[in-house]
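> My questions are about this predicted structure, shown below with the sequence.
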Amino acid sequence: MFDGLNEGVKKSWREKTKKFMFLITDSPPHGNPKFHNIEELYPDGCPCGLTEDKVLPLIKKKGIELIVYKLNDSLN
């Protein structure tokens with residue numbers, strides 16, 4: 001998930017426009033035990049090595065509004 005968001009941030013965004021990224025997910029991010037009540041395939045986090053602490057500040061810095069849609073209740 002974080003690698004996809006990171007790739008979106010790297011895209012060329014026009015200045016002085018409203019910027020949105022949509023994240024549609026059916027499970028929590030890898031490696032974060034506070035979100036998981038299921039068996040984790042990647043307990044050490046995203047295989048790409050990125051974390052929310054690295055990617056979310058980049059999204060904010062670019063002025064992008066991140067809108068998250070959850071497809072089920074595993075993200076409560």
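Thanks, I have the structure now.
> Can I take it that Asp53 is in a helix?
Yes. Under DSSP: H, G, I helix; E, B strand; the rest coil, Asp53 sits within a helix.
> can you count the residues close to it?
A count of neighbours around Asp53, defined by other C-beta atoms under 10 Å, yields 8. Every residue, glycine included, has its C-beta placed from N, CA and C.
> Also Glu40?
For Glu40, the neighbour count with other C-beta under 10 Å is 15.
> Distance-wise, check it relative to Leu56.
The gap separating Glu40 from Leu56 is 21 Å, by C-beta to C-beta, to the nearest Å.
> for the chain, what spans make up the helices?
Ranges of helices within the chain are 2-10, 52-61, based on DSSP state H.
> average model confidence for the longest one?
Looking at helix 52-61 alone, the average pLDDT works out to 93.
> what packs against it?
helix 2-10 (3 or more C-beta pairs under 8 Å, 6 or more residues apart in numbering; DSSP states H and E).
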